[in-house]
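Enquirer: Quick one: sequence and predicted model below, then my questions.
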Amino acid sequence: MEKIHLSDHFTYKKILRFTISPILMMFITSIYWIVDGFFLSNYASSSAFAGVNLIFPIIMIVACVGFMFGAGGAALVSKYLGEKKVEKANKTFSLLTYTTLIMGLVLGLVFFFTIRPIAQGFAGINSVATSEEMIDNAELYGRIMMGGVILFMMQGYFHCFFSVNETSHLGFIFSLSSGLVNMLLDYILVGVMQYGAAGAAAASLTGMFISTAGPLLYFRLRKNNLIRLGKPEFDIKDIFKSVTNGSSEFVGNVSSSLIAILFNMQLLKYIGETGVAAYGVIGYVCFIFFSIFSGYTMGISPVIAYNYGAKNKSELSNVIKLSFNFVAVAGFLMTVLSLALSRPLSMIFARSYPELLELSVRAMIIYSVCYFIAGFSMFGSGLFTALNNGLLSALISICRTLVFQVAAVLLLPLLMGVDGIWLSIVVAELLATILTMIIVFKKQKAYGYNLTPKWKSQAK
């Protein structure tokens, strides 16, 4: 099959071929947490399941530093390639890789010693008593994950660069290998040996080691890569630009983690530990569905950045139009699937707990509407990252999560009770989509793309 290059003209078929590996790569990554949740909910206590979900947002916040450098750096490196600055692209890639490694070591050490106070702080804010067993499980899982959080960070970092290197299929292979190892170890450590939260953490980190060490060696040793890991050239401007480019991904993921914390607090207040566990079930399903949007955006962003750097306005417009059509169709299909599979998916995690099962089914039905609209704001944010406007991308992410979702999850439960918690995400995504489309259309002239339909242009 003919290899697809960043400089090609893209059709729906070619876009799907180019992005299918990143989509599958993110899908496999999301399976990590699905498998962990399955074994914890079925072979460990409900407190272990709730404890892992209580502390997981903090782990995600730290890990998202790697994704920030990856997404922002991939946009910058792709732009340099579009400008034919190949040597500069390689030096920037190397600089960002080593910077991310150092950040992983520092952050892992800091949070390793502060996990229990953080978990106790979350629980202490709520008036509902939280079991000591739940806190113990949160601490155990958190300490192990923080001890190897550098692997989590580098996995997310390298995910972003396989499409830049025009070898996204290899990223999928690494992710698939690590995912299979994770599943096998979950079965052994949690299912058979009954190690609970500790076994789930150990299984995840072992899988992540494969998808970190493999890409590190691949980009360092293979000589025919489009980008290669070698001697860096320190340039504070490149680091700053990558951070600002990727700030939306970091802010978006951090905000999502903070929202998860806020959801947990509201659920503990209105329901108790069962509510936290139900939100964990929805979270696992969201990982799967949102991985399609994030994987697509990750895969197509280097193409957008390349054409922006090459000043190819017609192809830039073409790729953006096709992308919005893709997320619209994908979002519709996800909503239909979520409605149809709400009970079967909930039973994967909650079949042994009737109260949790019914709560999860109802929550998932309400929650499902958000999938139809979420792709627009997720791709819109990634679009401006690819166009090297991290601040505008961050604005969309902040409004989508930190502003709209916080307001909704605090206000709607006062009016609608528990259902208001689940509905808040739908309201927030709708507001974010409206904001995103306004910005996208207003910035057409500034970035040279044109989203006006052909029939309308011809009429004019």
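Expert: Received it, and whenever you're ready, just let me know what you need.
Enquirer: What distance do you get for the nearest residue to residue 119 once chain neighbours are set aside to residue 44?
Expert: Of all residues not flanking residue 119 in the chain, residue 138 sits nearest, at 4.0 Å (Cβ to Cβ, 6 or more residues apart in numbering). From N, CA and C alone the C-beta is placed, and that goes for glycine too. The gap separating residue 138 from residue 44 is 13 Å, by Cβ to Cβ, to the nearest Å.
Enquirer: Can you work out which residues contact both of those two?
Expert: residue 197 (Cβ atoms under 8 Å, 6 or more residues apart in numbering).
Enquirer: which one of these two has more residues nearby?
Expert: The residue with more neighbours, out of residue 138 and residue 44, is residue 138; 29 against 21, by other Cβ atoms under 10 Å.
Enquirer: rewinding a little: can you classify the residue nearest to residue 119 by secondary structure?
Expert: Under DSSP: H, G, I helix; E, B strand; the rest coil, residue 138 falls in the helix class.
Enquirer: What residues does it make contact with?
Expert: By Cβ under 8 Å, 6+ apart, the contact set of residue 138 is 51-52, 54-55, 115-116, 119, 197.
Enquirer: Need the max-distance pair from the residues you listed.
Expert: The largest distance within those, taken as Cβ to Cβ, falls between 52 and 116 and amounts to 14.3 Å.
Enquirer: Those two: who's more crowded?
Expert: Higher neighbour count among residue 52 and residue 116: residue 52, with 28 against 16, using other Cβ under 10 Å.
Enquirer: In contact with that one, which residues?
Expert: Contacts here follow Cβ under 8 Å, 6+ apart; on that basis residue 52 touches 36-37, 40, 137-138, 141, 197, 200, 280.
Enquirer: out of these, which is most surrounded?
Expert: residue 200 (33 neighbours).
Enquirer: tell me which strands and helices the helix or strand containing that residue is in contact with?
Expert: Here residue 200 sits within helix 196-221, counting by DSSP states H and E. For helix 196-221, the packing partners by 3 or more Cβ pairs under 8 Å, 6 or more residues apart in numbering; DSSP states H and E come out as helix 12-43, helix 46-82, helix 86-112, helix 132-147, helix 149-159, helix 161-164, helix 168-186.
Enquirer: Tell me where the stretch 1-150 of the chain is predicted with low confidence.
Expert: Across the stretch 1-150 of the chain, the ranges flagged by pLDDT under 70 are 1, 32-33, 46, 122-131.
Enquirer: So residue 317 sits against residue 447, correct?
Expert: No: assessed by Cβ atoms under 8 Å, residue 317 is found out of contact with residue 447, at 9.7 Å.
Enquirer: What residues sit buried inside stretch 409-429?
Expert: Buried residues in stretch 409-429, defined by neighbour count with 16 or more other Cβ atoms under 10 Å: 409, 412-413, 418, 420-429.
Enquirer: which other residues reach that stretch?
Expert: 259, 262-263, 266-267, 270-271, 275, 282, 362-363, 366-367, 369-370, 373-374, 377, 400-401, 404-405, 407-408.
Enquirer: Stretch 210-221 now?
Expert: Contacts for stretch 210-221 (Cβ under 8 Å, 6+ apart): 93, 97, 150-151, 154-155, 158, 161-162, 165, 170-171, 174-175, 177-178, 181, 225, 227-230.
Enquirer: cool, and stretch 440-449?
Expert: Contacts for stretch 440-449 (Cβ under 8 Å, 6+ apart): 308, 311, 313, 316-317, 320, 380, 383-384, 387, 392, 450-451.
Enquirer: go again using 6 Å as the cut-off
Expert: 313, 316-317, 320, 380, 387, 450 (Cβ atoms under 6 Å, 6 or more residues apart in numbering).
Enquirer: again with stretch 382-393
Expert: With Cβ under 6 Å, 6+ apart as the test, stretch 382-393 has contacts from 71, 75, 79, 244-245, 247-248, 297, 301, 304-305, 308, 381, 447.
Enquirer: Please identify which of the contacts of residue 138 is nearest to residue 237.
Expert: For those, the nearest to residue 237 is residue 115 (35.2 Å; Cβ to Cβ).
Enquirer: Skipping its backbone neighbours, what lies nearest that closest one in space?
Expert: Leaving out its chain neighbours, residue 115 is closest to residue 142 (Cβ to Cβ, 6+ apart), at 3.7 Å.
Enquirer: Do I have it right that the one you found meets residue 114?
Expert: No: with contact defined as Cβ atoms under 6 Å, residue 142 does not reach residue 114; the gap is 9.2 Å.
Enquirer: Comparing those two, which residue is more hemmed in?
Expert: Set residue 142 next to residue 114 and count neighbours by other Cβ under 10 Å: residue 142 wins out with 27 against 14.
Enquirer: And the more buried one, how far from residue 55?
Expert: Distance, residue 142 to residue 55, by Cβ to Cβ: 4 Å.
Enquirer: helix, strand or coil for residue 319?
Expert: helix.
Enquirer: For the closest residue to residue 91 other than its chain neighbours, give me phi and psi.
Expert: Using Cβ to Cβ, 6+ apart and skipping the chain neighbours, the partner closest in space to residue 91 is residue 233 (4.1 Å). Dihedral pair for residue 233: phi -120, psi 110, per degrees, to the nearest 10.
Enquirer: Please shift the residue numbers so they start at 591 in all later answers.
Expert: Sure, I'll start numbering at 591, so the last one becomes residue 823.
Enquirer: Tell me how many other residues crowd residue 823.
Expert: Neighbours around residue 823, by other Cβ under 10 Å: 13.
Enquirer: ok, it to residue 678 distance?
Expert: For residue 823 relative to residue 678 (Cβ to Cβ), the value is 8 Å.
Enquirer: re earlier: show me the buried residues of stretch 999-1019 that map onto helices.
Expert: Those of the buried residues of stretch 999-1019 mapping onto helices are 999, 1002-1003, 1008, 1010-1019, per DSSP state H.
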